[in-house]
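Trainee: need a 3D model of the following:
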Amino acid sequence: MENRAYAIAVGLFTLGLGAGVVFIVMWFSGDTEKRDVYRLESRYAVTGLNVQAPVRFRGVEVGRVDSIAFGSKNGRSILIAVSIKTDTPITRGTYAQLGSQGVTGLAYVILDDDGDKPERLSPADSEKTRIPVRQSFFDEVAGSGKTLVADANEVARRMKLLLDEKNQVQLMKTLAGLETATSGISEAASKLEPAFRNMPAVIEEARKAFARADILLANMNQLTTELTQRVDALDRVSRSAEQVGGAAQAVSGAAVSEMLPRINGLLEELVRNSRNLDRLLTELNEQPASLVFGRPAIAPGPGETGFNPRGGSQ
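Mentor: This next block holds a predicted model:
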């Protein structure tokens, strides 16, 4: 009887201890927190993702992966059920990606939000409006690697076509021509080197010339302005001269008509006086004594009383 009571006590103790251990494990594992189940849909491979893989929202762990299965209607889609803490801000703009945990290759779910659709998404709505799984960074790198390899193969194929025997001969000729051209360019550069050395001085002289040209242009502008002013003044003077000329022409016409006869008479009188003066000077030259004794008597001419044909008076 005592053995039976002892066995019952040990059994009850064992059950209580097991229940306590289960409670403690559930407490530390966080299973006591209230969670909501959301559905994710991926059209890409989910390599490395397992059940109980962590789910993180912007780096914060908010849940676990419950199940992974193929879609019933479309075998190319993969449905992932995740249990997430109720207070996680899941919206209609939330999307998922797969991340890799270090070197183990195990994947986990990354949740993020663009903020385009801030309306909250309920767990019931996630049955119809599933959270899309976008291509992960490693998938993009792998896709780019495939494209890169394909491009490299295409480049290699074209290089092979380019470097056939005919093209190699032509390429060698081209390289020889390039070498000749390069040597010519080197010689030309060596000849032009002194000119390049003098370029700073030439540039400085050009700068000074431009400065002097600016001053010359300013002076020319000023001179042009002064010439314009002087031309205007000359124009005014010419107009005045035309007016004075008209008045002078009228005065000169009147003066000529009145004074010309007088001038003619004066000139005639001047001529007569000049002739008389000439005769007087001639007589004085021939008979200077006539200036003291007077003019001698004029010898009688032929037919006059006292005419002497031998050259004297009687």
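Trainee: only C-alpha atoms from now on, for both contacts and neighbour counts.
Mentor: Noted.
Trainee: element containing residue 83, please.
Mentor: For residue 83, the host element (DSSP states H and E) is strand 78-85.
Trainee: now do residue 55
Mentor: Residue 55 belongs to strand 54-57 when assigned by DSSP H and E.
Trainee: got the contact list for the strand holding residue 83?
Mentor: Here strand 78-85 makes contact (CA atoms under 8 Å, 6 or more residues apart in numbering) with 33-44, 55, 62-71.
Trainee: what of stretch 127-134?
Mentor: 38-44, 92, 94-98.
Trainee: by contact count, what packs against the strand holding residue 55?
Mentor: Applying 3 or more CA pairs under 8 Å, 6 or more residues apart in numbering; DSSP states H and E, one finds that strand 54-57 contacts strand 60-70, strand 107-113.
Trainee: tell me the angle the first one makes with strand 78-85.
Mentor: Okay, so that is strand 60-70. Orientation of strand 60-70 against strand 78-85 (axes from the mean of the first three to the mean of the last three CA atoms, to 10 degrees) gives an angle of 150 degrees.
Trainee: now the helices for the stretch 1-150 of the chain?
Mentor: With DSSP state H, counting those that start in this stretch applied, the stretch 1-150 of the chain shows helices at 2-29, 137-162, listed in chain order.
Trainee: average pLDDT for the longest one?
Mentor: So that's helix 2-29. Mean per-residue pLDDT for helix 2-29: 72.
Trainee: about what we covered before: can you list the contacts of stretch 127-134 in a markdown table and add neighbour count, pLDDT and distance to residue 18?
Mentor: Below are the contacts of stretch 127-134 laid out as a markdown table (neighbours: other CA atoms under 10 Å; pLDDT from 0 to 100; distance: CA to CA, whole Å):
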| residue | neighbour count | pLDDT | distance to residue 18 |
| --- | --- | --- | --- |
| 38 | 23 | 90 | 32 |
| 39 | 21 | 88 | 34 |
| 40 | 21 | 89 | 36 |
| 41 | 22 | 87 | 39 |
| 42 | 21 | 86 | 40 |
| 43 | 15 | 86 | 43 |
| 44 | 14 | 84 | 43 |
| 92 | 20 | 89 | 43 |
| 94 | 23 | 90 | 41 |
| 95 | 20 | 90 | 41 |
| 96 | 22 | 90 | 38 |
| 97 | 18 | 88 | 39 |
| 98 | 24 | 89 | 37 |
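Trainee: most widely separated two among those?
Mentor: 44 and 92 (20.5 Å; CA to CA).
Trainee: contact partners of stretch 165-180?
Mentor: Contacts of stretch 165-180 (CA under 8 Å, 6+ apart): residue 162.
Trainee: now that stretch: buried residues?
Mentor: Residues of stretch 165-180 include none that count as buried (16 or more other CA atoms under 10 Å).
Trainee: averaged over its residues, what pLDDT does that stretch have?
Mentor: Rounded mean pLDDT across stretch 165-180 is 79.
Trainee: ok now it, how far from the chain's centre?
Mentor: With CA atoms, centre = their mean, to the nearest Å as the basis, stretch 165-180 stands 40 Å off its chain's centre.
Trainee: please shift the residue numbers so they start at 29 in all later answers.
Mentor: Got it, the first residue is 29 from now on, which makes the last one we talked about stretch 193-208.
Trainee: what about residue 62, distance to residue 112?
Mentor: Separation of residue 62 from residue 112 (CA to CA, to the nearest Å) stands at 8 Å.
Trainee: more neighbours, the two?
Mentor: Legend: neighbour count by other CA atoms under 10 Å for residue 62 and residue 112, higher for residue 112 (25 against 11).
Trainee: tell me which residues form a beta bridge with that one?
Mentor: With DSSP bridges applied, residue 112 shows beta-bridge pairing to residue 64, residue 91.
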